[in-house]
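*Asks:* coordinates for the following, if possible.
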Amino acid sequence: MAVKMDTHIHTSFSTDSETDMQEQILTSYKKGLEGICITDHMDYNFPESALEHPVDGIPFCFDLDDYFKRIHTLQKTAPLSVYTGVECGMQLITDVVDKNKALCQDKEFDYIIGSLHLVDGKDPYYPSFWENQEPAECIQTYFEKIYDNITTFHEMDSLGHLDYIVRYAPTDYKYQPEQFREILEAILQTLIQKDLALEINTSGFKTPLSRQNPHEKIIEWYLALGGEMVTIGSDAHSPEFLAFHFDEVAVLLKKYGIRQYTVFEKRTPVFYDI
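*Replies:* Numbering: from 1, shown residues only. Next comes the predicted model:
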């Protein structure tokens with residue numbers, strides 16, 4: 001395996017995962033990984049109307065003290081490096097922005113991903129999101145929301161799964177990144193200016209897309225604009241998807257001349273050879 005670190009992993013601290021943290025750690029080791037980062041969801045003010053089913057407690061939020069305690073306990077006996085992270089859900093709501101900025105000040109974290117899962121309080125995961133709008137309009141709005149968010153909130157370390165929304169577009173829609181090049185390049189330029197990494201997220205391989213997010217054309221534009229930092233994460237919510245299609249992504253990155261990927265330790269980028 002050319003990529004030995006998986007820096008986007010969920011556990012039962014995330015509303016949408018039932019996998020115990022210990023199981024993710026042990027399975028990662030069995031798969032040949034040398035390090036992982038636990039990045040459970042912290043999506044403040046996630047509306048219950050955007051959930052498929054009601055949940056106990058506050059959706060997509062967890063107790064930080066319990067989280068850190070669990071990770072630090074498991075780090076002592078883990079057979080590989082375990083980093084402390086979080087996937088921070090971005091929303092342009094003053095209360096959420098303030099909470100996210102405060103979260104990013106917590107010294108316990110090694111790594112923070114900023115991701116957009118909602119558009120105006122609606123989740124693209126559900127078919128109802130796509131009703132009464134052209135897919136291209138939905139996608140354009142999603143990218144504009146990302147741009148607006150990262151110009152307001154940029155205290156994280158990387159941008160997660162940039163064209164994630166396309167996974168859930170109607171099956172007859174043919175996505176072409178070139179159609180959105182202007183807004184995508186604005187996003188990429190902002191990442192570069194703010195010293196933020198671009199995440200290569202492999203969970204798209206388990207959807208009809210059968211590829212990573214973002215599209216390789218977006219990776220090509222990122223490099224052409226001067227981008228250098230890429231993180232690699234499976235976004236695994238269950239053990240079978242840990243390090244998912246990492247070898248394919250390694251080949252893709254080498255195709256574009258990328259020889260290293262980034263892992264954050266105490267919020268500082270460290271580079272590993274592919």
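
*Asks:* state which helix of this structure is the longest.
*Replies:* In the chain, assigned by DSSP state H, the helix with the most residues is helix 135-152.

*Asks:* tell me how far the next helix or strand after that one lies from the chain's centre.
*Replies:* Using DSSP states H and E, the helix or strand that directly follows helix 135-152 along the chain is strand 158-159. Relative to its chain's centre, strand 158-159 lies at 7 Å (Cα atoms, centre = their mean, to the nearest Å).

*Asks:* just the strands in the protein please.
*Replies:* Taking DSSP state E as the criterion, the chain carries its strands at 5-9, 35-42, 81-89, 111-115, 158-159, 197-201, 230-233, 260-265, 268-273.

*Asks:* quick one: neighbours of residue 267, just the number.
*Replies:* Residue 267: 14 surrounding residues under other Cβ atoms under 10 Å. Quick note: C-beta positions are derived from backbone N, CA and C, even for glycine.

*Asks:* circling back to that earlier point, residue 23 is nearest to which of the strands of the chain?
*Replies:* Counting by Cβ to Cβ, residue 23 lies closest to strand 5-9 out of the strands of the chain; the figure is 10.9 Å.

*Asks:* tell me which strands and helices that closest one is in contact with?
*Replies:* On a contact count with 3 or more Cβ pairs under 8 Å, 6 or more residues apart in numbering; DSSP states H and E, strand 5-9 meets helix 21-30, strand 35-42, strand 81-89, strand 230-233, strand 260-265.

*Asks:* buried ones in that strand, by neighbour count?
*Replies:* Within strand 5-9, the residues that count as buried by 16 or more other Cβ atoms under 10 Å are 5, 6, 7, 8, 9.

*Asks:* other residues contacting it?
*Replies:* Residues from elsewhere that reach strand 5-9, judged by Cβ atoms under 8 Å, 6 or more residues apart in numbering: 24, 28, 33-39, 81, 83, 85, 87, 111, 113, 160, 199, 201, 231-236, 242-243, 246, 261, 263-264, 272.

*Asks:* what do you get for stretch 247-255?
*Replies:* For stretch 247-255, the surrounding residues in contact (Cβ under 8 Å, 6+ apart) are 1-3, 200, 202, 205, 212, 216, 219, 230, 232, 261, 274.

*Asks:* buried residues, it. List them.
*Replies:* 249, 250, 252, 253.

*Asks:* distance from the chain centre to it, please.
*Replies:* How far stretch 247-255 lies from its chain's middle: 19 Å, per Cα atoms, centre = their mean.

*Asks:* how about stretch 65-76?
*Replies:* Worked out by Cα atoms, centre = their mean, stretch 65-76 lies 21 Å from the chain centre.

*Asks:* now the lowest-mean-pLDDT helix or strand in the chain and strand 35-42, what's the angle there?
*Replies:* Least confident helix or strand of the chain, by mean pLDDT, DSSP states H and E, is helix 94-103 with a mean of 95. Calculated by axes from the mean of the first three to the mean of the last three Cα atoms, to 10 degrees, helix 94-103 forms an angle of 150 degrees with strand 35-42.

*Asks:* who does helix 94-103 touch, helix- and strand-wise?
*Replies:* Counting by 3+ Cβ pairs under 8 Å, 6+ apart, helix 94-103 packs on strand 81-89.
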